[in-house]
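>>> Model the structure of this input:
(2 chains, ligands or ions: 2)
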Number of protein chains: 2
Amino acid sequence: SATAKIIDGKSIAKQIRDEISVEVSRMKDAIGVVPGLAVIIVGDRKDSATYVRNKRKACESVGINSFEVRLPEDSTEQDVVKFISEFNDDSSVHGILVQLPLPSHMNEEKILDAVRIEKDVDGFHPLNIGCLAMRGREPMFVPCTPKGCIELLHRSDISIKGKKAVVIGRSNIVGMPAALLLQNENATVSIVHSRTPNAEELTRQADIVIAAVGVPNMVKGNWIKPGAVVIDVGINPVEDAKSSRGYRLVGDVCYEEVVKVASAITPVPGGVGPMTIAMLLTNTLISAKRAHNFE
Amino acid sequence: SATAKIIDGKSIAKQIRDEISVEVSRMKDAIGVVPGLAVIIVGDRKDSATYVRNKRKACESVGINSFEVRLPEDSTEQDVVKFISEFNDDSSVHGILVQLPLPSHMNEEKILDAVRIEKDVDGFHPLNIGCLAMRGREPMFVPCTPKGCIELLHRSDISIKGKKAVVIGRSNIVGMPAALLLQNENATVSIVHSRTPNAEELTRQADIVIAAVGVPNMVKGNWIKPGAVVIDVGINPVEDAKSSRGYRLVGDVCYEEVVKVASAITPVPGGVGPMTIAMLLTNTLISAKRAHNFE
Ligand SMILES: NC(=O)C1=CN([C@@H]2O[C@H](COP(=O)(O)OP(=O)(O)OC[C@H]3O[C@@H](n4cnc5c(N)ncnc54)[C@H](OP(=O)(O)O)[C@@H]3O)[C@@H](O)[C@H]2O)C=CC1
Ligand SMILES: NC(=O)C1=CN([C@@H]2O[C@H](COP(=O)(O)OP(=O)(O)OC[C@H]3O[C@@H](n4cnc5c(N)ncnc54)[C@H](OP(=O)(O)O)[C@@H]3O)[C@@H](O)[C@H]2O)C=CC1
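Numbering: from 1, shown residues only, chains lettered A, B, ... in the order given. Ligands and ions are numbered 1, 2, ... in the order given. Alright, predicted model coming up:
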């Protein structure tokens, strides 16, 4: 039986990092500026530490400067905002990232809003989302994970215009902006969420499915129209006695079933995950270029 | 054969204006403040003059102060921005509206962005649209026409949650924000636009249809699922020799056909149109209450 093309996010992300490296060197040679990304991490969640380490390594791999501030769990909002303000004013920093989640005593919204919009490489600021939603406006930055999804489609020569797309999930950081991006590329978009009674039937109509739900293996083979393209954003730990860590990561899509129905699919891990960091580097480069009027 | 319930926008808008009158009086009696709406009109387009006159009359009818500035067609952007700034600083003005379209030599975006977000009763600012799109954020104002559509559904006891909705059109001022509002109320929303190949088939799946296209009579009877609810935003002049003006106004929905299939429908005129102005008054009242911390 037929098997979907595997969209290799790891190798596409590698290719993008190579392109960024070239651009970073070109910029340094031409105007002596090196893009810089600052990351603020509060508390010592293990997963957050891993993400931050991966980001640092990714920066190093392409020649982007990285700055890190680690604050204790019991820091105040003011402490965090103070560091954000310093990075806001620091011309060697072109992107500022606050690692989420923040400790529960902090107002996430207030802290994120302190990041200057010109350095908000996550693209989560409402002004930025507004520009993403409006025709004729250009956002400063496109949020990394949804941007990564679209980039995977582009680099796999999958056309979006005129296609029917279903996005499962409507979160601020993935589902909602992914839907806006697909629509900006002239797909006809439907958004499925937890209150959708007929998710399966709707999804089965789509030429392109982006799943960003957080429910392991939710999207079964019979949810997918034969030949559809499936982008699986989910990263869900499930118990696995055979793994040394005691768990493994699976997507929101039941890969084994869907790979037999779709024409193309992203694996988990190795699909959208590596793209998110690649897009963070892209956004940081874009920001540095914009700050220095470098094309 | 069955006939849809007619959603009487004119009478619902009247009821809303009555409610606003009561609130305006209550506010005046309690704290001596009267809400004020400022309108800036540039040039002498006949239709714009009509809209502005209607807004003034509507303000008068509920006791809201209205201020008007008329500038000649050949004014500069600076002229317009100067008046906006004055209204921004004027504490008796709670809403500022720039009548569109502006003369072609002006940058609409730049001018609209000059309106203080606290007084942007149109709700067109990208920061406002961003908050509308994001979960957990509250927009300052909901844009008037889409807010009017939702209000018509609410006041007709039509439930939205869990329903399948199709919005035809994705403009910044109607279609896109209408889709966001429906989604915020937990409908499952699909957005149809000019690049949608199968608009008819998609629309036929919807329990709720909002048409904001600008194409007279586009939505035919066979586009509509029996029992669906249809909100027609379109206001399109079509030639009519029998009318003394030489034309009449029709919607985007083929009323004669759809009235036989839908369970409820808005007429044109007398549907969404009167609601838009009622929502503008509502937004101005909300703004005045917020400025004076009056509940
Ligand atoms: N690859 C990467 O780099 C990234 C991966 N992720 C992963 O993507 C997934 C989603 O993340 P995120 O968007 O942050 O998650 P959120 O929990 O913020 O949002 C989940 C969304 O899915 C919807 N949903 C939940 N259950 C169902 C259901 N049964 N049927 C239909 N819809 C449902 C929710 O609907 P409602 O709004 O109604 O509650 C919500 O909109 C997670 O697995 C996460 O780990 C996230 C970020 C980056
Ligand atoms: N009742 C009221 O108070 C108001 C009424 N209106 C009326 O509402 C209508 C829409 O206004 P507005 O939103 O400003 O219009 P715009 O012209 O800004 O937007 C029209 C939208 O309809 C889409 N569209 C155009 N043709 C087709 C087609 N054949 N099939 C599917 N989609 C199509 C366009 O798609 P694409 O994006 O691909 O180009 C676009 O998104 C007009 O009749 C207007 O007069 C408007 C404002 C207030």
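>>> Tell me if the longest helix anywhere in chain A is near ligand 1.
For chain A, the longest helix by residue count, based on DSSP state H, is helix A:9-31. No. Shown here: helix A:9-31 not in contact with ligand 1 (Cβ under 6 Å from any ligand atom), separated by at least 8.7 Å. From N, CA and C alone the C-beta is placed, and that goes for glycine too.
>>> Could you spell out the sheet neighbours of the very next helix or strand once past that helix, each with its direction?
Remark: after helix A:9-31, the chain's next helix or strand is strand A:36-42, criterion DSSP states H and E. Strand pairing for strand A:36-42, determined by DSSP bridges: strand A:65-71 (parallel), strand A:95-98 (parallel).
>>> pLDDT of strand A:36-42, averaged?
Taken as a whole, strand A:36-42 carries a mean pLDDT of 97.
>>> For it, buried residues please.
For strand A:36-42, burial by neighbour count (16 or more other Cβ atoms under 10 Å in any protein chain shown) applies to A:G36, A:L37, A:A38, A:V39, A:I40, A:I41, A:V42.
>>> I'd like to know which of those is nearest to chain B.
Of all the buried residues of strand A:36-42, chain B sits closest to A:V42, with 19.7 Å by Cβ to the nearest Cβ.
>>> Now for that closest one: which residues touch it?
Contact analysis of A:V42 by Cβ atoms under 8 Å, 6 or more residues apart in numbering or on different chains lists A:R70, A:L71, A:P72, A:E73, A:S75, A:V80, A:V98, A:Q99, A:L102, A:P103, A:M106.
>>> Helices along the stretch 151-295 of chain A, start to end?
Ranges of helices in the stretch 151-295 of chain A, per DSSP state H, counting those that start in this stretch, are A:175-184, A:199-203, A:255-258, A:272-291.
>>> where are the low-confidence patches of chain A?
Along chain A, segments meeting pLDDT under 70 span A:1.
>>> Quick one: residues contacting the one residue in the stretch 1-150 of chain A that gets nearest to ligand 2.
Nearest residue of the stretch 1-150 of chain A to ligand 2 (Cβ to the nearest ligand atom) works out as A:R135 at 6.6 Å. Going by Cβ under 8 Å, 6+ apart, A:R135 touches B:R170, B:S171, B:N172, B:M176.
>>> Would you agree it falls within a strand?
No. Judged by DSSP: H, G, I helix; E, B strand; the rest coil, A:R135 forms no part of a strand; its state is coil.
>>> tell me the most buried of the strands paired with strand A:36-42?
strand A:95-98 (a mean of 26; mean count of other Cβ atoms under 10 Å in any protein chain shown).
>>> Show me which positions of the helix or strand just after that strand end up buried.
Using DSSP H and E, the helix or strand that directly follows strand A:95-98 along the chain is helix A:108-113. For helix A:108-113, a neighbour-count test (16+ other Cβ under 10 Å) marks A:E108, A:I111, A:L112, A:D113 as buried.
>>> of the residues you listed, closest to B:D29?
Ranked by distance to B:D29 (Cβ to Cβ), these are led by A:D113 at 37.5 Å.
>>> quick one: contacts for the closest one?
Neighbour list for A:D113: A:H125 [criterion: Cβ under 8 Å, 6+ apart].
>>> Now the buried members of the contacts of A:V42.
Listed as buried from the contacts of A:V42 are A:L71, A:S75, A:V80, A:V98, A:Q99, A:L102, A:P103, A:M106; burial here means 16+ other Cβ under 10 Å.
>>> Pick out the most distant pair among the residues you listed.
For the buried ones among the contacts of A:V42, the maximum inter-member distance is 13.0 Å, found between A:S75 and A:Q99 (Cβ to Cβ).
>>> residues near A:P269, how many?
As a burial measure, A:P269 scores 15 neighbours (other Cβ atoms under 10 Å in any protein chain shown).
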